[in-house]
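1. predicted structure and sequence below. I'll ask about it afterward.
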Amino acid sequence: MKLITAIIKPFKLEEVREALMQAGVQGMTVTEVRGFGRQQGQAEAYRGAEQNLNLVPKLEIEVVVDDDDMLRVTDAIAHAAHTGTVGDGKIFVATIANAVRIRTGEIDELAL
């Protein structure tokens, strides 16, 4: 099993969600996060004064999938989240050792 973590622009959430559903993903976790990468933050106007924000608002999406589905799901996320501009985000993939569905006690792939 693989944990796929994607950091995306907030306005791309609906497109990514739809792409994940079409890729067969049955659930995801979404968290509002802030951070910066190569863009080093952004300048934003607030009440007529420009302010430099060091941390840019993003969304973090987490899904766990079977090993065989990893490339298809990461491709779906990358395609749906792409704008071609700085700050499109990143996708990280990690291996999951075990998973348990709390309600039923099912483990590993059955828990997905």
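-> Here it is on my side, so go on. Residues are numbered from 1 along each chain as shown.
2. after the longest helix along the chain comes which helix or strand?
-> As assigned by DSSP state H, the longest helix anywhere in the chain is helix 70-81. Once helix 70-81 ends, the next helix or strand along the chain (criterion: DSSP states H and E) is strand 89-95.
3. now do that next one: distance to the chain's middle.
-> 8 Å (Cα atoms, centre = their mean, to the nearest Å).
4. could I get the full set of helices for this structure?
-> Counting by DSSP H, the helices of the chain are 13-22, 70-81.
5. so which other helices or strands are in contact with the shortest one?
-> Put plainly, it is helix 13-22. Contacts defined by 3 or more Cβ pairs under 8 Å, 6 or more residues apart in numbering; DSSP states H and E place helix 13-22 against strand 56-65, helix 70-81. Where you see a C-beta, it was placed from the backbone N, CA and C, and this is true even at glycine.
6. same thing but at 10 Å, please
-> Here helix 13-22 touches strand 2-8, strand 29-35, strand 56-65, helix 70-81, going by 3 or more Cβ pairs under 10 Å, 6 or more residues apart in numbering; DSSP states H and E.
7. returning to what we had before: just say which of the helices of the chain is most tucked in.
-> helix 70-81 (a mean of 18; mean count of other Cβ atoms under 10 Å).
8. relative to Glu109, how far out is Asn98?
-> Going from Asn98 to Glu109 by Cβ to Cβ, to the nearest Å gives 11 Å.
9. kindly report the same for Ala78.
-> 24 Å.
10. check His82 too.
-> Counting by Cβ to Cβ, the gap from His82 to Glu109 is 30 Å.
11. could you do Val65 as well?
-> Distance from Val65 to Glu109, by Cβ to Cβ: 10 Å.
12. common neighbours of these two, please.
-> Residues touching both Val65 and Glu109 (Cβ atoms under 10 Å, 6 or more residues apart in numbering): Met1.
13. who has more neighbours, those two?
-> The residue with more neighbours, out of Val65 and Glu109, is Val65; 24 against 12, by other Cβ atoms under 10 Å.
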